[in-house]
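# Give me coordinates for this.
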Amino acid sequence: MNPEVTNLIVSLRDAEFPIWTTCDGAGLSPELRVRGLIPATQTIAVFALNPYEPGCSFTTWIIWNLSPASVIPEGIPPQGVVTTPVSAVQGTNDYGTIGWRGPCPPMGETHRYLFKVYGLDAALEVPAGARKQDLIDAMQGHVLQFGETAAVYSR
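Predicted coordinates:
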């Protein structure tokens, strides 16, 4: 039986996405800050969701097997297996591409993106390019910590 899930404190640089993380800029993945990691946490997994797209849990980024650290750096390249600026594995988002897909709401709209961050007790044996449900299934019984944050982008 897993111990009770404890809280992570997750934040972004600001409540609004910097332009360089969006479709109007370079589309770099954003920096995430994580506090409250416990020693038992071996890896981190992140889901970014845009509830304004159809389905209410439209996934724009899936990344896992990140080392537990206080900062997940921006600019993680859109490839399945990443070795720099951090080591990680990325999955296929709901756009059908691997890696971060920055905010790009229609002109005149504001979209809010949710970041769900999980501290896990093990690295996950999930292949690069996997889908959201594959990662969710693999995480069962391994979640020690959870935290979330959000940011908006307007066009």
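# bridging residues for Gln90?
Residues in a beta bridge with Gln90, per DSSP bridges, are Ile63.
# now do Val117
On the basis of DSSP bridges, Val117 is bridged to Val46, Gly147.
# same for the lowest-mean-pLDDT helix or strand in the chain, what does it pack against?
Every helix and strand of the chain was ranked by mean pLDDT, DSSP states H and E. The lowest is strand 6-7, at a mean of 93. Counting contacts by 3 or more Cβ pairs under 8 Å, 6 or more residues apart in numbering; DSSP states H and E, strand 6-7 packs against strand 143-154. All C-beta spots, glycine's among them, are computed from the backbone N, C-alpha and C.
# Pull out the buried positions in the strand it packs on.
Neighbour-count burial for strand 143-154 flags 144-145, 147-149, 151, 153 (criterion: 16 or more other Cβ atoms under 10 Å).
# Kindly export that strand (C-alpha atoms) in PDB.
Provided in PDB are the C-alpha atoms of strand 143-154 (Å, rounded to 0.1, in the frame of the first residue of the first chain):
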ATOM      1  CA  VAL A 143       2.500   8.400  -6.900                       C
ATOM      2  CA  LEU A 144       4.000   9.800  -3.700                       C
ATOM      3  CA  GLN A 145       3.400  13.500  -4.300                       C
ATOM      4  CA  PHE A 146       1.100  15.800  -6.300                       C
ATOM      5  CA  GLY A 147       0.900  19.500  -7.100                       C
ATOM      6  CA  GLU A 148      -0.500  21.800  -9.700                       C
ATOM      7  CA  THR A 149      -0.400  25.300 -11.100                       C
ATOM      8  CA  ALA A 150      -1.800  27.200 -14.000                       C
ATOM      9  CA  ALA A 151      -1.100  30.000 -16.500                       C
ATOM     10  CA  VAL A 152      -3.000  31.900 -19.100                       C
ATOM     11  CA  TYR A 153      -2.300  33.200 -22.600                       C
ATOM     12  CA  SER A 154      -4.400  35.700 -24.600                       C
END
